[in-house]
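# Could you work out the structure for the sequence below:
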Amino acid sequence: MDNHNLIGRQPILNRMEEIVAYELLFRSPRSVSSAAIDDATRASAIVMVNALTGIGGDRILSGQHGYINVEADLLMDECIELLPPEQFGFEILENTPVTQELIERCRQLKARGWRLALDDHEYREVYIPLYDGLVDLVKLDLLKTPLDGLYETVNRLKRYPVTLLAEKVDSRAAYLRSRGMGFELFQGYFFARPSLIQKRRLEDSVSILFELMSKLGDDACIDEVEAVFKKSPALTYKLLLLVNSVATGLREKIRTVRHAITIIGFGLLRKWVQLAVFAADDSRGFSNPVVDMAAVRATMMENLACLPENLRCFKCAPDRAFMVGILSVLNDFYGIPMEDVVSGLNLSDDIITALVSREGRLGGLLHLVELLEQNELDAAALKIEELGLLTAGVNACQTRAFGWRQTMEVVA
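Residues are numbered from 1 along each chain as shown. Next up, the predicted model:
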């Protein structure tokens, strides 16, 4: 096993259920067979190094803000000032003693532009100097805090200029309750795991997207693809918007649906159609956090398929791997049995096996991506070893996946 580190991220959402930030998490593959992480300070420091060098803040954060956990020693260390304040903030862990030195350090960091948060917080008067203009976020754990105590804590904190973030939001009921209590930001598996996202009715427009997906196979015929678009004025309109959004520098006007299809090309069109299944009839479009999650999963599958370890010994076509990533989300997101997902799309046996049972090479890669997505980093490290992959290669794939919007740009 190589010595690179795994990075996880969990989205932070606003009241519109849009991603506005990420919490970054760390795990060393070595920790799977040893005494876990040496210490929290070292773990956080390595997250920072990865963010600055091997992974890159721009791509891992997709243009959003990122928060990294710090204990007192690391917070006081000048090394954290390497992180640009416009991209990163610091979460002060709950076991950090509140001293005069800590308060002064927070005042310095705040004055220089870094955002600060209190993680897994419980209200205590000793924190009042931090509440009063030094910390930006206060994160309250919905599972740890009894409901009566939560109301009391929220009411006390509302006196101060802090934004309240609800952690461990694991159901829609918990989300709605915390939003009603005054929380502005939310974090938890309700948003990160599609199986916990409210199911939707499969509208006709989505059925047309499924039909279009089936037409955009390796032997796609432009006449058939064009005919599907002509069934749906809304889909045609989205196609034109898509061409305008990705075909930068386009000099000629779009004349027909066929012309638009020709400009964008089957490869890019196939990816966007698969993502549009999740964005259909949603005002957030591709800013929907589930679309982002599906895109990251599919793009990472595509990149993993291109690793030398896969190309040497396995037939993992990148376009098939991308489709496995997309289709794997449909089961939970729409409440569609996986058997129904695979039955109408004329899929190859390796794709079906991967989706239904997580078996075969594509199934193994899918399982790995799901572990990383759920921040099960210890299990992911074991899976990387089982698949014969290098952590460095997986990290590179994850980095490109986090920047999935950039991979779908077209330069005309």
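
# From now on I want contacts and neighbour counts done on CA atoms only, so please keep to that.
Will do.

# got the contact list for residue 271?
Residue 271 is in contact with residue 322, counting by C-alpha atoms under 8 Å, 6 or more residues apart in numbering.

# ditto for residue 107
residue 134.

# hmm, try it at 10 Å
101, 114, 129, 130, 133, 134, 135 (C-alpha atoms under 10 Å, 6 or more residues apart in numbering).

# Confirm that it sits in a helix.
Yes - counting by DSSP: H, G, I helix; E, B strand; the rest coil, residue 107 is part of a helix.

# Next one: it relative to residue 157, how far apart?
19 Å (C-alpha to C-alpha, to the nearest Å).

# same question, residue 365
44 Å.

# These two: who's more crowded?
Taking other C-alpha atoms under 10 Å, residue 365 and residue 157 do not tie; residue 365 has more neighbours (27 against 17).

# Show the contacting residues for the more buried one.
Here residue 365 is in contact with 300-302, 304-305, 310, 316, 321, 324-325, 354, 358-359, 371, 383-384, 387 (criterion: C-alpha under 10 Å, 6+ apart).

# please redo it, this time with the cut-off set to 7 Å
With C-alpha atoms under 7 Å, 6 or more residues apart in numbering as the criterion, the residues that contact residue 365 are residue 301.

# what mean pLDDT does the helix or strand where it lies have?
According to DSSP states H and E, residue 365 maps onto helix 360-373. In this model, helix 360-373 carries a mean pLDDT of 93.

# Same check on stretch 321-336?
75.

# Quick one: residues contacting the residue lying closest to residue 306 once chain neighbours are set aside.
Nearest residue to residue 306 in three dimensions, chain neighbours excluded: residue 318, at 6.5 Å (C-alpha to C-alpha, 6 or more residues apart in numbering). The contact partners of residue 318, by C-alpha under 7 Å, 6+ apart, come to 302, 303, 305, 306.

# Where strands are concerned, which of those count?
Judged by DSSP state E, these include no members of strands.

# Just give me the closest of those residues to residue 392.
Nearest to residue 392 among the contacts of residue 318 is residue 303, at 12.9 Å by C-alpha to C-alpha.

# Can you tell me how far the spatially closest residue to that closest one that is not a sequence neighbour is from residue 263?
Counting by C-alpha to C-alpha, 6+ apart, residue 303 lies nearest to residue 397, which is 5.4 Å off, once chain neighbours are set aside. Separation of residue 397 from residue 263 (C-alpha to C-alpha) stands at 28 Å.

# neighbour-wise, which of those two wins?
Neighbours per residue (other C-alpha under 10 Å) separate residue 397 from residue 263, with residue 397 holding more: 22 against 16.

# pLDDT score for the more buried one?
pLDDT at residue 397 comes out at 91.

# for residue 211, same thing?
75.

# Now do the SS call for it.
Strictly by three-state DSSP, residue 211 counts as helix.

# just the helices in the stretch 51-200 of the chain please.
57-61, 72-76, 100-111, 128-131, 147-157, 172-181, 189-192 (DSSP state H, counting those that start in this stretch).

# Please convert those to JSON lines, extending it with distance to residue 140 and mean pLDDT.
JSON lines is the format used below for the helices of the stretch 51-200 of the chain (distance: least, C-alpha to C-alpha, whole Å; pLDDT from 0 to 100):
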{"stretch": "helix 57-61", "distance to residue 140": "23", "mean pLDDT": "73"}
{"stretch": "helix 72-76", "distance to residue 140": "20", "mean pLDDT": "87"}
{"stretch": "helix 100-111", "distance to residue 140": "20", "mean pLDDT": "96"}
{"stretch": "helix 128-131", "distance to residue 140": "14", "mean pLDDT": "96"}
{"stretch": "helix 147-157", "distance to residue 140": "8", "mean pLDDT": "88"}
{"stretch": "helix 172-181", "distance to residue 140": "10", "mean pLDDT": "89"}
{"stretch": "helix 189-192", "distance to residue 140": "15", "mean pLDDT": "64"}
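
# out of those, nearest to residue 221?
That would be helix 57-61 among the helices of the stretch 51-200 of the chain, by C-alpha to C-alpha, at 35.3 Å.

# Report the residue ranges of every domain in this structure.
6-192, 204-278, 285-407 (automatic domain parsing).

# Least confident of those, on average?
Among those, domain 204-278 scores lowest, with a mean of 68.

# tell me the angle of the one helix or strand residue 397 maps to relative to helix 360-373?
If you go by DSSP H and E, residue 397 is part of helix 391-402. Here helix 391-402 runs at 70 degrees with respect to helix 360-373, directions being taken by axes from the mean of the first three to the mean of the last three C-alpha atoms, to 10 degrees.

# Check which helices and strands helix 391-402 sits against.
Applying 3 or more C-alpha pairs under 7 Å, 6 or more residues apart in numbering; DSSP states H and E, we find helix 391-402 packed against helix 57-61, helix 289-305.
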